[in-house]
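[1] Let me see the structure of the following:
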Amino acid sequence: MKTMIRCLISALALAGAIAHAEPLKPAQHTDFPRYTYALTWQPGFCATGAGCLPEQSNEVLIGLHGLWASEPQSLIDQKVPVQQWWAKGCAFFPHIHAVPALPPQTQQELKQVMPQLQDDLQLHEYVKHAQCFGFPAAQFFETAMTMRQAVVDSKFGDYLLEQAGQTRTRKALEDAFSQSFGTDQRRSLQLQCGKDKQGRNVLTQFWFTLKADQLASFPAKESFVDTPDGEYEDSCAQPFILQAW
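    Purely as a prediction, here's the structure:
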């Protein structure tokens, strides 16, 4: 009973934090319609490519990758292909390659939930996806972490955590996503898969496409929107493993 009460208090506190937190808004280049919110399936992410650093936390299954604004209209008007925007991001605008100033607690929380890579992912996310929009660094990352916790605490998060070690299909995750959040925008969800050292197909990431003007309501159903055809990326056509640590 005490555990249930603590969980309820935690959920209410999270809901209150989301409801009363100052909404994240760009200070410049505000003419974009969507965000891509990227989370990692941490064991699979760290099992592919160059992997994660030895100090990677093995306590988190659902990790944070980033929050990415879609192409600003000003670049669309200049005929910049969307693929170039996703490749270069803030490099299209004046910016500096600088480490964001963050409170120590925020730094420590990010270290727990973000993949720890040879190239600093936190720095990469800020330089490529945040600073040219004038997002305050602390608010940007704290918003992304609050959104992550909302997913972890959702029915969809429960479903994913229950699948650790199991093989599933894209449709299974899409069905769980749609049912959990009550949305018919099924193409809002994009999955990323890769090969681990044994050559197995593993889930590495899952992304949500969100309406820019509904970011503060995430994960309410009105925040989701189908990913446009030209931006839809999904590499999980074959069944995949949701690896456990």
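[2] How about residues contacting the helix or strand hosting Gln83?
    Using DSSP states H and E, Gln83 maps to helix 82-88. With Cβ atoms under 8 Å, 6 or more residues apart in numbering as the test, helix 82-88 has contacts from 68, 70-71, 75-76, 92, 128, 230-231. For glycine as for every other residue, the C-beta is placed from the backbone atoms N, C-alpha and C.
[3] now with 10 Å?
    For helix 82-88, the surrounding residues in contact (Cβ atoms under 10 Å, 6 or more residues apart in numbering) are 32, 36, 68-72, 75-76, 80-81, 91-92, 128-129, 228, 230-231, 233.
[4] Can you point out the buried residues in whichever helix or strand comes after it?
    Downstream of helix 82-88, the first helix or strand assigned by DSSP H and E is helix 104-113. Neighbour counts over helix 104-113 (16 or more other Cβ atoms under 10 Å) mark 106, 109-110, 113 as buried.
[5] Just list the residues touching the spatially most central residue of the chain, thanks.
    The chain has Ala38 as the residue nearest its centroid, 2.2 Å off, counting by Cα atoms, centre = their mean. Contacts for Ala38 (Cβ under 10 Å, 6+ apart) come out as 63-68, 125, 129, 144, 190, 192, 205-208.
[6] Tell me where the protein has helices.
    2-20, 42-46, 73-76, 82-88, 104-113, 121-129, 137-152, 155-162, 170-181 (DSSP state H).
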